[in-house]
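[1] kindly generate the corresponding structure for this input.
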Amino acid sequence: MSNNREKIRNSILAFICVSIFLSISYFRVFDEFEYSTLDFRFKIRPEQPVDENIVIIHIGDDTIDKLGEWPIPRRYHALLVRALHSAGAKEIIFDVFFSEPAKGDDVFANALKETDSTYLPYIFEINPENQGEKYLRATRVIAPIVASLKEACKNTGFINIQPDIDGKVRRIFGFIEYNGKFYPHMAMLAVLNNMGVSFKDVEISPGKKIVVNKNRTIPLGEDSTIFVNYPAKWGHAFKHYSYVDVIQAHAAGILGTKPVIDLNEIKDKICFIGFTAAASPDAHPSPFEPLYPGVGVHASVYNSILRGDFLHRLNRWWNLLILIVVWLITAFITAKSYKGFAIVSIGLIIAAYTLVSVALFCFSGVWIDAFYPVVTIVVLYVAVTFRKYLIETRQREVIERELDIAKDIQRSFLPSDIPHVGNLDVFANMLTAWQVGGDLYDVVRLDEDRLAVMLGDVSGKGVPAALFMAKVVSVFKTSIKHGRAEDIIRDINERILIESSSNLFVTLTCMIFDTKANRVNYASGGHNPTLYVDPDGNTEWLEVDEGMPLGILEGNYSGKTIDYRPGGVFVLYTDGVTEAMNIKEEMFEEERLLELVKNTRKNSAKEIAEEIQKKVAEFAGGAKQHDDITILVVRA
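    Take a look at the predicted model:
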């Protein structure tokens, strides 16, 4: 009886867990991560074909420099429209707002009246109360077209861009309801007109599809969005022409001079006009790059509809079915296989599923969820092996306690009190990546006027590096009798080669400060150059001619001596500072360190060191510390 109750209880628990996991998939809780996998698929997908008649007329830095005016006067827009129209452009589509009256509107309006195929944009204010419904409703037009231009232009459409939760633009709204009527996106309106179809005649099924004609159906997301099928990185898909080059070529044709470009190439082209200058506000993060011009988004949508190349995300129920099938396969293999085979099999399942999801996207434009299924495959495997995990955790706790003791022992090799010599202000700090590390430093008073400082970095990490570090510190204390930095390093290298049988080596910097003469003698064994910032903010990286890492081979070590001024700052550091990485795998690098020390040079040595450590931590964010971070600051 009790066994039956336990089975029922376990079955109920399993049902609840499965329901929770399925609900997470259905409600797309991890869509932000799913978007990252979609971006990955975009990046590895081959460049997609585009219609050769779609071109970009970009308003770049060259245009702004040559015209010498900002904002661009409306008379130039008028000239551009006439140039494109006379060249035989099929459609002229502006991704430029004209919401404020300006000088030259009358000239621009006259140019617009001369063509039936020019498009101007506006922006709706979206009603926040209907977010999450099958389509959006607008409360008003917040960026309307100037009345005279709207009257002159026969085609207008909205160009609202709705970024996803991670800020990237992957979708646009094909239509928005305003005052009980559907209004089209400008790119959709333009491509429908090109296809000879009126927007009034298309069949809209919100949350499902837009039927253009019997040969073309546009798939919609659940919120009636159209996925932007970016064909390639910016600049790799559509042909580009400079705004100013088109105007100059038109003027050259009138004056009979040689044009910059051949405007005959514009004949029958669909011309998208938009800003691409460095300071342009119309640029948004995309799956390909941090800033993708808005004009490229609209051109991509146009191309997708014109060619019938659409992206389509499987609905929630299909994704649930796929998830259940993957779970059943994973559970069966994990339960029936030995540990080693199960791990390999799970890896093969993940690889196969990833490959299928990539292939479907690249060759069929079908987006199936990848992140959550892969995560749950791992979760299932972990659940089966949970008992072993607990045992290993307890063993690991014992080891960590022992390593904590080792960390305290290691710190005992470092100076607990910094000796005071002259007016030197010295501070050092070390933050290990593991419980114990391989960074080292020492500060030794030689006499009432001289102070020796040393900082180094042992290859490797963990206990072996910590033991080697202790050896180097001990050797340094007995080598400082040589007096000069290059002799000290040479002696340490010779001692390590004789006394150590490990395969480890150490990079090391040594500096001897003479406070009476305001002079420093320094040498380096393959270590990062010391940064010196004088009181006026001038900077110098203190490098030497010769000096290989210690503990590898016998070698020559050269030193240098420079004079310093009171108030100057010397910063010795390990590569854990400059090579600290954030979650984007970007490194902190020497330039940030230089600017930071330069800006804080008037602070105390402790304040400078703590500010460096703080800024490195802020830069890394949530990224795991991968190397020991040691900073030693000497302020004269």
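[2] which residues of the protein score low on pLDDT?
    Counting by pLDDT under 70, the chain contains low-confidence residues at 1-3, 6, 10, 131-132, 339, 384-392, 398-399, 402-403, 405-410.
[3] residue nearest the centroid of it?
    residue 584 (5.0 Å; Cα atoms, centre = their mean).
[4] ok, residue 443 - contacts?
    415, 418-419, 426, 428, 451-454, 632 (Cβ atoms under 8 Å, 6 or more residues apart in numbering). Backbone N, C-alpha and C define where each C-beta goes, glycine included.
[5] pick the one among those closest to residue 55.
    Closest approach between the contacts of residue 443 and residue 55, by Cβ to Cβ: residue 632, at 58.4 Å.
[6] look up phi and psi at that closest one.
    Phi and psi for residue 632, reported as degrees, to the nearest 10, are phi -130, psi 120.
[7] now do the contacts for it.
    Per Cβ under 8 Å, 6+ apart, neighbours of residue 632: 426-428, 441, 443, 453, 455, 571-573, 609.
[8] recalculate using a threshold of 6 Å.
    The neighbourhood of residue 632, defined by Cβ atoms under 6 Å, 6 or more residues apart in numbering, consists of 428, 441, 455, 572.
[9] only whichever of those residues are buried, select them in ChimeraX.
    Applied in ChimeraX, the following selects the buried portion of those according to 16 or more other Cβ atoms under 10 Å:
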select :428,441,455,572
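[10] which of the contacts of residue 632 lies closest to residue 75?
    Residue 75 lies nearest to residue 572 out of the contacts of residue 632, by Cβ to Cβ, at 61.4 Å.
[11] doesn't the closest one fall inside a helix?
    No. The assignment for residue 572, made by DSSP: H, G, I helix; E, B strand; the rest coil, is strand rather than a helix.
[12] ok, it to residue 509 distance?
    6 Å (Cβ to Cβ, to the nearest Å).
[13] quickly list what's touching both of the two.
    Common neighbours of residue 572 and residue 509, using Cβ under 6 Å, 6+ apart, are 455, 530.
[14] sorry, back to before: how much space between the residue nearest to the centre of the chain and residue 594?
    Relative to residue 594, and taking Cβ to Cβ, residue 584 is found at 21 Å.
[15] again with residue 586
    17 Å.
[16] of these two, who's got more company?
    residue 594 (17 against 12; other Cβ atoms under 10 Å).
[17] mind checking which helix or strand the more buried one is in?
    helix 589-599 (DSSP states H and E).
[18] export that helix as PDB, just CAs?
    Extracted C-alpha coordinates of helix 589-599, given in PDB (Å, rounded to 0.1, in the frame of the first residue of the first chain):
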ATOM      1  CA  GLU A 589      43.800  46.400 -22.400                       C
ATOM      2  CA  GLU A 590      46.600  48.800 -21.800                       C
ATOM      3  CA  GLU A 591      44.800  51.900 -23.200                       C
ATOM      4  CA  ARG A 592      42.100  51.800 -20.400                       C
ATOM      5  CA  LEU A 593      44.700  51.300 -17.800                       C
ATOM      6  CA  LEU A 594      46.800  54.300 -19.100                       C
ATOM      7  CA  GLU A 595      43.800  56.600 -19.100                       C
ATOM      8  CA  LEU A 596      42.700  55.500 -15.700                       C
ATOM      9  CA  VAL A 597      46.100  56.100 -14.000                       C
ATOM     10  CA  LYS A 598      46.500  59.400 -15.900                       C
ATOM     11  CA  ASN A 599      43.200  60.600 -14.500                       C
END
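[19] and the helix or strand following that helix, what does it pack against?
    Next helix or strand after helix 589-599 toward the C-terminus (DSSP H and E): helix 605-620. Here helix 605-620 touches strand 425-431, strand 629-635, going by 3 or more Cβ pairs under 6 Å, 6 or more residues apart in numbering; DSSP states H and E.
[20] name the strands paired with the last one and say parallel or antiparallel.
    It stands for strand 629-635. Strand 629-635 pairs in its sheet with strand 425-431 (antiparallel), strand 569-573 (antiparallel), by DSSP bridges.
[21] now for the next helix or strand along the chain from the shortest one, which elements pack on it?
    From strand 569-573 onward toward the C-terminus, using DSSP H and E, the following helix or strand is helix 575-578. Counting by 3+ Cβ pairs under 6 Å, 6+ apart, the packing neighbours recorded for helix 575-578 are helix 589-599.
[22] how about a cut-off of 8 Å?
    Under the contact definition 3 or more Cβ pairs under 8 Å, 6 or more residues apart in numbering; DSSP states H and E, helix 575-578 sits against helix 589-599, strand 629-635.
[23] show me where the stretch 201-350 of the chain has its strands.
    Secondary structure of the stretch 201-350 of the chain by DSSP state E, counting those that start in this stretch: the strands cover 203-205, 209-213, 216-219, 225-227, 239-242, 270-275, 283-284, 292-293, 312-313.
[24] what's the neighbour count on residue 569?
    24.
[25] residue 453 versus that one, what's the distance?
    Residue 569 is 13 Å from residue 453, by Cβ to Cβ.
[26] overlap in contacts, those two.
    residue 634.
[27] pretty sure residue 590 sits against residue 580.
    No. Counting by Cβ atoms under 8 Å, residue 590 stays clear of residue 580, with 11.8 Å between them.
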